[in-house]
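**Q** Here is a sequence with its predicted model. Questions after.
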Amino acid sequence: MISMNKETMINYLKDYALIQYYSMKNCDKSFNFLFYKYMNNNGRRDEITNDYYLIMQRVYITYILLRRFSFIEDYLLNKDNFLSENDLLGLKEGCTFLNDDNIINKKLVQLIRDAFNHNDAENFERFKLSFNGKYIQIEFKDIRTPKEKNNGVPIKPLKLKLDTKQLIKILNTIASKKQNLLFTSFEIPENFDIFSDNLDIELDNIVFVHYYFNNKMNRETIEQFCEYSNIKECSKEELLEKSKKLHELATSNGNIAKYHLTSEQKSKLKSIINTYKQYNSKLIEYDHKAFLFYSLYKVIPIPGFKNLIINNQIMLSAEFFSNPDLSINKITDIIANIVNDIETPKSYNENDKSVYNNIKNMDKSFQIKLFLDMLNPDFIQIFPLIIYIDAVVTHYCNDDEICIDDVTYSKNEIRNCLVHGRWFISANDEIVMFDAEPKNIKDYDLKYIGKIKVESFVKWANKYMEKPEKIKIKSLMML
């Protein structure tokens with residue numbers, strides 16, 4: 001497989017992030033226009049091609065898919081063994097092994113994650129993308145366990161190739177065959193006043209409820225959780241009944257821990273609420289509890305709460321970014337028409353109609369959350385920048401410490417924060433970082449690492465990529 005090097009992959013992620021960053025500042029400009037302007041301003045006219053645009057898109061989608069895959073594997077197999085080998089039969093089909101494929105399926109899942117998250121060695125790359133961004137290559141010099149090494153088992157190298165479709169298949173399989181799950185809720189008073197002049201007092205009354213399930217669950221229990229969680233087209237009475245059954249089921253299977261919001265979390269929530277109030281208060285009035293749940297997910301630093309934003313990022317990139325004539329304003333208008341049940345406008349061209357119809361067929365709650373995300377600068381501008389930072393820290397930086405704005409951090413702690421999704425974005429556009437024990441029973445026993453301005457973090461990443469002793473690709477900074 002002809003593969004791109006780390007620098008090329010990271011450069012694609014940087015380009016994508018900065019184009020998205022400027023799309024929010026130029027909401028009426030098409031992605032195609034912004035791509036051309038960005039490349040032209042950086043003296044890269046020879047790269048203004050459809051191929052470059054498509055590869056950039058593929059690299060971003062594959063990277064965030066792998067980040068989501070990593071979150072799920074981490075929850076189910078990282079010291080917690082919540083998957084059965086018998087449930088994963090046939091998982092290797094679709095993978096091309098370039099040497100011996102004598103490996104169990106659970107080990108394969110773990111090694112894909114490990115290759116992606118531990119790839120910062122200078123002289124060997126465990127994880128690579130193909131030159132066109134369509135394939136993933138995983139390679140290990142030796143996958144023997146310590147016990148096998150002690151018993152004199154010969155060296156066992158591993159090298160395999162898979163495409164994004166196979167990655168999605170593996171991801172969906174382990175998600176559907178899980179023997180445990182993340183179940184959380186929020187206690188919100190019935191008289192919560194989201195339009196209060198003193199939101200601090202109101203937010204003090206919200207409690208984050210986390211149910212910890214320390215043991216494997218049988219298939220029947222998992223299916224019960226899925227059944228009670230399916231609230232599509234439910235009446236208010238049915239919603240209350242399902243909610244009651246869910247909490248009874250969770251209480252009978254696990255332990256409850258309750259947490260109040262921190263001042264940093266409350267500050268971010270006030271910022272989110274006030275932003276949407278200024279844009280259109282009807283977004284909040286429609287269902288203020290649903291809006292609160294959407295907002296609260298943005299400030300709880302556990303990986304499972306990143307699934308919605310990753311899914312919507314994939315939608316933005318695969319469905320919208322692939323239509324380069326679309327703009328942020330155009331996309332937002334299309335989703336608004338769907339949310340408001342407006343028939344397909346006659347002014348829509350074929351691309352607009354295609355996007356409209358694809359989203360129209362999705363669940364109403366998904367449509368609303370996607371619409372809220374499209375109005376959110378954190379979603380459009382900051383999340384892609386954090387993915388770029390993630391790639392520099394995880395795949396390129398091999399220093400023990402990272403110094404930003406005169407503060408020194410442990411590189412390993414920041415890496416842990418990023419690969420385990422233990423962060424949120426503050427009201428001041430900072431990434432607030434945490435570390436924790438990998439076992440699920442301690443996933444909210446957080447160790448505070450610090451907070452870094454996203455802009456400062458991006459500048460560090462740009463500078464690190466341009467180190468004279470490391471640089472292989474020269475790219476101009478626009479941020």
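**A** Structure's in. What do you need?
**Q** Mind listing residues that contact stretch 354-365?
**A** With contact meaning CB atoms under 8 Å, 6 or more residues apart in numbering, stretch 354-365 is reached by 232, 290, 319-320, 323, 326, 331, 334-335, 337-339, 344, 348, 367, 370. Every residue, glycine included, has its C-beta placed from N, CA and C.
**Q** what residues does the strand or helix carrying M433 touch?
**A** Taking DSSP states H and E as the criterion, M433 maps to strand 430-435. Residues outside strand 430-435 that contact it (CB under 8 Å, 6+ apart) are 264, 301, 386, 389, 413-414, 416-417, 420, 422-426, 446-454, 457.
**Q** Can I have the buried ones of the residues you listed as a PyMOL selection?
**A** PyMOL command restricting those to the buried ones, with burial defined by 16 or more other CB atoms under 10 Å:
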select buried, resi 264+301+386+389+413+414+416+417+420+422+423+424+425+426+446+449+450+451+452+454+457
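**Q** that older thread, quick one, which of the contacts of stretch 354-365 are buried?
**A** 319-320, 323, 326, 331, 334-335, 337-339, 348, 367, 370.
**Q** which of those lies closest to S196?
**A** For the buried ones among the contacts of stretch 354-365, the residue nearest S196 by CB to CB is V339; the value is 26.0 Å.
**Q** quick one: the closest one and L18, what's the gap?
**A** Going from V339 to L18 by CB to CB, to the nearest Å gives 29 Å.
**Q** what do you get for K282?
**A** Applying CB to CB, the value for K282 to L18 is 33 Å.
**Q** ditto for N198
**A** N198 is 39 Å from L18, by CB to CB.
**Q** More neighbours: those two, which one.
**A** Using other CB atoms under 10 Å as the criterion, N198 and L18 rank with L18 on top: 22 against 9.
**Q** Okay, buried residues for the helix or strand containing that one please.
**A** Element membership of L18, judged by DSSP H and E, is helix 6-25. Neighbour counts using 16+ other CB under 10 Å place 6-24 of helix 6-25 among the buried residues.
**Q** again, but for stretch 179-198
**A** Using 16+ other CB under 10 Å as the test for burial, stretch 179-198 gives Q179, N180, L181, L182, F183, T184, S185, I188, I194.
**Q** now those as JSON lines including pLDDT, distance to N81 and secondary structure?
**A** As requested, the buried residues of stretch 179-198 are exported to JSON lines (pLDDT from 0 to 100; distance: CB to CB, whole Å; DSSP: H, G, I helix; E, B strand; the rest coil):
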{"residue": "Q179", "pLDDT": "93", "distance to N81": "8", "secondary structure": "coil"}
{"residue": "N180", "pLDDT": "92", "distance to N81": "9", "secondary structure": "coil"}
{"residue": "L181", "pLDDT": "90", "distance to N81": "15", "secondary structure": "coil"}
{"residue": "L182", "pLDDT": "90", "distance to N81": "16", "secondary structure": "coil"}
{"residue": "F183", "pLDDT": "91", "distance to N81": "19", "secondary structure": "strand"}
{"residue": "T184", "pLDDT": "93", "distance to N81": "22", "secondary structure": "strand"}
{"residue": "S185", "pLDDT": "92", "distance to N81": "26", "secondary structure": "strand"}
{"residue": "I188", "pLDDT": "93", "distance to N81": "35", "secondary structure": "coil"}
{"residue": "I194", "pLDDT": "92", "distance to N81": "42", "secondary structure": "coil"}
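**Q** Where strands are concerned, which of the contacts of stretch 354-365 count?
**A** Secondary structure defined by DSSP state E assigns none of these to strands.
**Q** So which of the residues you listed belong to helices?
**A** A290, I331, I334, I335, N337, I338, V339, Q367, L370 (DSSP state H).
**Q** what ranges of the stretch 51-200 of the chain fall below the confidence cut-off?
**A** For the stretch 51-200 of the chain, not a single residue meets the criterion pLDDT under 70.
**Q** And the helices in it?
**A** With DSSP state H, counting those that start in this stretch as the criterion, the stretch 51-200 of the chain has helices at 105-117, 146-150, 164-176, 199-204.
**Q** Could you export stretch 80-89 as PDB, CA atoms only?
**A** Output in PDB follows, covering the C-alpha atoms of stretch 80-89 (Å, rounded to 0.1, in the frame of the first residue of the first chain):
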ATOM      1  CA  ASP A  80     -13.100  -4.200  31.300                       C
ATOM      2  CA  ASN A  81     -13.700  -7.200  28.900                       C
ATOM      3  CA  PHE A  82     -17.300  -6.300  28.000                       C
ATOM      4  CA  LEU A  83     -17.200  -8.200  24.700                       C
ATOM      5  CA  SER A  84     -17.400 -11.900  24.000                       C
ATOM      6  CA  GLU A  85     -15.200 -13.500  21.300                       C
ATOM      7  CA  ASN A  86     -18.100 -15.700  20.200                       C
ATOM      8  CA  ASP A  87     -20.100 -12.500  19.300                       C
ATOM      9  CA  LEU A  88     -17.300 -11.300  17.000                       C
ATOM     10  CA  LEU A  89     -17.100 -14.200  14.600                       C
END
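**Q** For that stretch, buried residues please.
**A** In terms of neighbour count (16+ other CB under 10 Å), stretch 80-89 has its buried residues at D80, F82, L83, D87, L88.
**Q** isn't the fourth one right up against K178?
**A** The reference is to D87. No - counting by CB atoms under 8 Å, D87 does not reach K178; the two are 9.0 Å apart.
**Q** if we can go back for a sec, as TSV, the buried residues of stretch 179-198 with distance to R219 would be great.
**A** Supplementary listing: those in TSV, determined by distance: CB to CB, whole Å:
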residue	distance to R219
Q179	8
N180	12
L181	12
L182	17
F183	16
T184	22
S185	23
I188	32
I194	40
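**Q** From the residues you listed, pick the one nearest E122.
**A** L182 (36.1 Å).
**Q** can you tell me which residues contact the closest one?
**A** L182 makes contact with Y75, I302, G304, N440, according to CB under 8 Å, 6+ apart.
**Q** Tell me which of these fall in strands.
**A** Among the contacts of L182, DSSP E puts none in strands.
**Q** now the helices for the stretch 351-479 of the chain?
**A** Using DSSP H, counting those that start in this stretch, the helices assigned to the stretch 351-479 of the chain run over residues 364-374, 377, 383-395, 411-419, 454-465.
**Q** Can you tell me which helices and strands the longest one packs against?
**A** To tie it back to what came earlier, the one meant is helix 383-395. Packing partners of helix 383-395 (3 or more CB pairs under 8 Å, 6 or more residues apart in numbering; DSSP states H and E): helix 6-25, helix 50-77, helix 307-315, helix 411-419, helix 454-465.
**Q** Mind checking the pLDDT average for stretch 39-49?
**A** For stretch 39-49, the mean per-residue pLDDT is 95.
**Q** CA-only coordinates of it, as CSV, when you get a sec.
**A** Output of stretch 39-49 as CSV, limited to C-alpha atoms (Å, rounded to 0.1, in the frame of the first residue of the first chain):
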residue,chain,number,x,y,z
MET,A,39,-5.1,27.3,-0.9
ASN,A,40,-4.4,30.3,-3.1
ASN,A,41,-3.6,32.5,-0.1
ASN,A,42,-1.2,29.9,1.1
GLY,A,43,0.7,29.8,-2.2
ARG,A,44,-0.6,26.3,-3.0
ARG,A,45,-2.3,26.8,-6.4
ASP,A,46,-1.0,23.4,-7.7
GLU,A,47,-3.0,21.7,-5.0
ILE,A,48,-6.3,23.3,-5.9
THR,A,49,-7.8,20.1,-7.4
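**Q** Lovely, talk soon.
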